[in-house]
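**Student:** Below: sequence and its predicted model.
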Amino acid sequence: MQKQAIFQSKLLPYALVAPQLAIVLIFFYWPAAQAVIQSFLLQDAFGLSTSFVWFDNYLELFKDPAYFAAIIRTFAFSFAIAVSSLSFALLLAVMADKPLRGSTLYRTLLIWPYAVAPPVVGVLWVFMLHPSLGVLSRYLRAMGVDWNPLLNGDQAAALIILAAAWKQISYNFLFFLAGLQSIPKSVIEAAAIDGARPMRRFWTVIFPLLSPTIFFLLVINIVYAFFDTFGIIDTMTRGGPGKATETLVYKVYTDGLLGGNLGSSAAQSVILMVIVIVLTGIQFRFVERKVTY
Amino acid sequence: MVEEEGFQRYLAHAILWIGIAIVAFPVYLAIVASTQDNAVIANGQMSLLPGGHFFETYYQTLFVGTSGSTREPVLNMMLNSLVMALLIAVGKIAISIISAYAIVYFRFPFRMAIFWIIFITLMLPVEVRIYPTYKIVADLHLLDSYAGLSLPLIASATATLLFRQFFMTVPDELLEASRIDGAGPFRFFWDTLLPLSRTNMAALFVILFILGWNQYLWPLLITTRDDMQTIQVGIRKMITTTDALTEWPIVMATALLAMLPPVFVVVVMQKLFVRGLVETEK
């Protein structure tokens, strides 16, 4: 698709794309290329000499049980965050889609958490469920739960998943609501005339028509769980206790910062890039988009 | 319209209010905690009703900061966050709209190559290239500067794609008409295209402002000086590892101040926000 009416100029278009091109090349391609190159290099302990080691950094990673565990953990987190947040948001969206009094108010009251930054989400939840002073911890203990996410890895993981899902409810809610509103009312009326009860109408008519939205949101939520949970993890658990809440992104951060193992950190970055590219590719391939190229 | 029976409608209201309560509860706790005495909170005896320390806490938070971990006034952190968010939003819109203009309204060698070079950046968030980017920013002597905070986050294609999409829908007749009036590329851009893009720009601005304000990992890495800290980084440093020293009322006040500007934008400019969100994800 191209414009028919255009301007003729030799230099002007280059001048117009130059600022963005410069920024993208300096701050995107250069570092990305650096990461790829670095991932094939090995630096000695003093940083004095480097040698080309082919795929050693990658092989090292895949042999490392800790890295393997981090991969599994990240996918498990993503899945748990996506499923819990999506199902709760869908329930709310279906309710808000009904012709109720005050539906705009409901929408406003449900979408604002989108604007809360991940580290702030972490702070809010850590305070609420802090083992010694958290308000909710009191009730958990009263119910006989031995609640201490600072020591218990499973509880720490649950805390991260809950906090991350909480933040994502608003986003999912908005897109579900938009998806529901785009379903023609006549289809639902037809099902109602056929005598389908609300629950049946939902599962046989609305849910299938909503599947493109669900799939789109699933990909978005997984990407979110991969990357945007960094701030939540860093303020809540810092990857601990042990490594119970260390995701791939968090591992890149700590390995690069503390370990100083640049080759391994770079290899991890490249693996993450591949994962994102695959996820984006899936989204482009299977999600109906209005973008035309 | 499908009729909803009374019971169904009550159920829907009830579920929505439960949802709102779940979503709002952590923030309610933060409001309550920010008005109470730290000693009481540290004992685990926090009341669920607001206390009497509102002015005290917020005065100290905004103008003094915590007495232990970071002594930086939160007002200063908010200013840093504001500058960064505005630079990211305005910078990205400015460079994107002109490059989209070039790609749509001109024919020149490497046009599609350039489009793809920009387009590919859509795929990778800054998190996956964090250390190499850090090194480049350090080599350019941009650590602890607003340019270093914002430039790497401007390097992405979402806005360019959006403007390109929009320009494609602008009828060719407009260009022909203004050409008959003797307008060159600058006049057409300024007098015709820019006014038409106003809503798109506003929607994009809302989203980019929120994303910019909420940045965390990047500012965490490249700011070392306390006076360059953004509020998101500052709040993390307030939670000390030895719990006894954490000043919870101040931490909670900072959390609320950190969410105030973006939440305000979402609630007040809801239409633009929803539009921007849907458009950038498409």
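**Tutor:** Received, thanks. Numbering: from 1, shown residues only, chains lettered A, B, ... in the order given.
**Student:** what about the stretch 101-250 of chain A, any weak spots by pLDDT?
**Tutor:** By pLDDT under 70, the stretch 101-250 of chain A has no low-scoring segment.
**Student:** next one: stretch A:203-210 to chain centre, how far?
**Tutor:** Its chain's C-alpha centre and that of stretch A:203-210 lie 25 Å apart, by CA atoms, centre = their mean, to the nearest Å.
**Student:** wait, I meant stretch B:24-38
**Tutor:** With CA atoms, centre = their mean, you get 24 Å for stretch B:24-38.
**Student:** Now it: buried residues?
**Tutor:** Neighbour counts over stretch B:24-38 (16 or more other CB atoms under 10 Å in any protein chain shown) mark B:26-27, B:29-30, B:32-38 as buried. To be clear about C-beta, it is placed using only N, CA and C from the backbone, and glycine gets the same treatment.
**Student:** How about stretch B:48-59?
**Tutor:** Buried residues in stretch B:48-59 (16+ other CB under 10 Å): B:51, B:53, B:57-58.
**Student:** and those as CSV, adding secondary structure?
**Tutor:** Listed next are the buried residues of stretch B:48-59 as CSV, based on DSSP: H, G, I helix; E, B strand; the rest coil:
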residue, secondary structure
B:Gly51, coil
B:His53, coil
B:Thr57, helix
B:Tyr58, helix
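**Student:** Now tabulate the buried residues of stretch B:24-38 in CSV and tack on pLDDT and secondary structure.
**Tutor:** Listed next are the buried residues of stretch B:24-38 as CSV, based on pLDDT from 0 to 100; DSSP: H, G, I helix; E, B strand; the rest coil:
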residue, pLDDT, secondary structure
B:Pro26, 90, helix
B:Val27, 90, helix
B:Leu29, 85, helix
B:Ala30, 86, helix
B:Val32, 85, helix
B:Ala33, 82, helix
B:Ser34, 82, coil
B:Thr35, 81, coil
B:Gln36, 79, coil
B:Asp37, 77, coil
B:Asn38, 74, helix
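**Student:** Tell me the one of the residues you listed nearest chain A?
**Tutor:** B:Pro26 (4.0 Å; CB to the nearest CB).
**Student:** quick one, what contacts that closest one?
**Tutor:** Neighbour list for B:Pro26: A:124-125, A:127-128, A:166 [criterion: CB atoms under 8 Å, 6 or more residues apart in numbering or on different chains].
**Student:** repeat for A:Leu209
**Tutor:** A:183, A:187.
**Student:** That one and A:Leu180, how far apart?
**Tutor:** Remark: distance between A:Leu209 and A:Leu180 (CB to CB, to the nearest Å) = 9 Å.
**Student:** do the same with A:Ile23
**Tutor:** Distance from A:Ile23 to A:Leu180, by CB to CB: 39 Å.
**Student:** Next, the buried residues of the lengthiest helix in chain B.
**Tutor:** Assignment by DSSP state H gives helix B:74-105 as the longest helix of chain B. The neighbour-count check on helix B:74-105 (16+ other CB under 10 Å) flags B:74, B:76-78, B:80-82, B:84-93, B:95-105 as buried.
**Student:** Could you list which of those residues also contact chain A?
**Tutor:** Among these, the residues that sit close to chain A (CB under 8 Å from any CB of the partner chain) are B:95-96, B:98-99, B:101-105.
**Student:** could you dump those residues to CSV with distance to A:Leu16 and pLDDT?
**Tutor:** Formatted as CSV, those follow (distance: CB to CB, whole Å; pLDDT from 0 to 100):
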residue, distance to A:Leu16, pLDDT
B:Ile95, 9, 92
B:Ser96, 11, 92
B:Ile98, 5, 92
B:Ser99, 6, 92
B:Tyr101, 6, 91
B:Ala102, 4, 91
B:Ile103, 9, 89
B:Val104, 11, 89
B:Tyr105, 9, 89
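**Student:** Count the residues that sit near residue 108.
**Tutor:** No chain in the question, so chain A it is. 15 (other CB atoms under 10 Å in any protein chain shown).
**Student:** actually it's chain B I care about, not the one you picked
**Tutor:** Applying other CB under 10 Å, we find 18 residues neighbouring B:Phe108.
**Student:** Least confident secondary structure element in chain B?
**Tutor:** Lowest on mean pLDDT, DSSP states H and E among the helices and strands of chain B sits helix B:38-42, with a mean of 73.
**Student:** outside of that helix, which residues touch it?
**Tutor:** Contacts of helix B:38-42 (CB under 8 Å, 6+ apart): A:133, B:33, B:46-47, B:51, B:243-244, B:247-249.
**Student:** go again using 6 Å as the cut-off
**Tutor:** Defining contact as CB atoms under 6 Å, 6 or more residues apart in numbering or on different chains, one finds that helix B:38-42 is touched by A:133, B:33, B:247-249.
**Student:** Tell me where the stretch 101-250 of chain A has helices.
**Tutor:** A:103-111, A:118-128, A:135-142, A:153-181, A:185-193, A:198-201, A:207-227, A:229-236, A:248-254 (DSSP state H, counting those that start in this stretch).
**Student:** Without its sequence neighbours, what residue ends up closest to residue 248?
**Tutor:** Going with chain A. Of all residues not flanking A:Leu248 in the chain, A:Thr74 sits nearest, at 4.7 Å (CB to CB, 6 or more residues apart in numbering or on different chains).
**Student:** not what I meant, chain B
**Tutor:** Nearest to B:Trp248 is B:Ile41, by CB to CB, 6+ apart, at 4.7 Å.
**Student:** Around the one you found, how many other residues sit close by?
**Tutor:** 25.
**Student:** Distance-wise, check it relative to A:Pro149.
**Tutor:** Distance from B:Ile41 to A:Pro149, by CB to CB: 18 Å.
**Student:** most surrounded residue in the contacts of helix B:38-42?
**Tutor:** B:Ala33 (30 neighbours).
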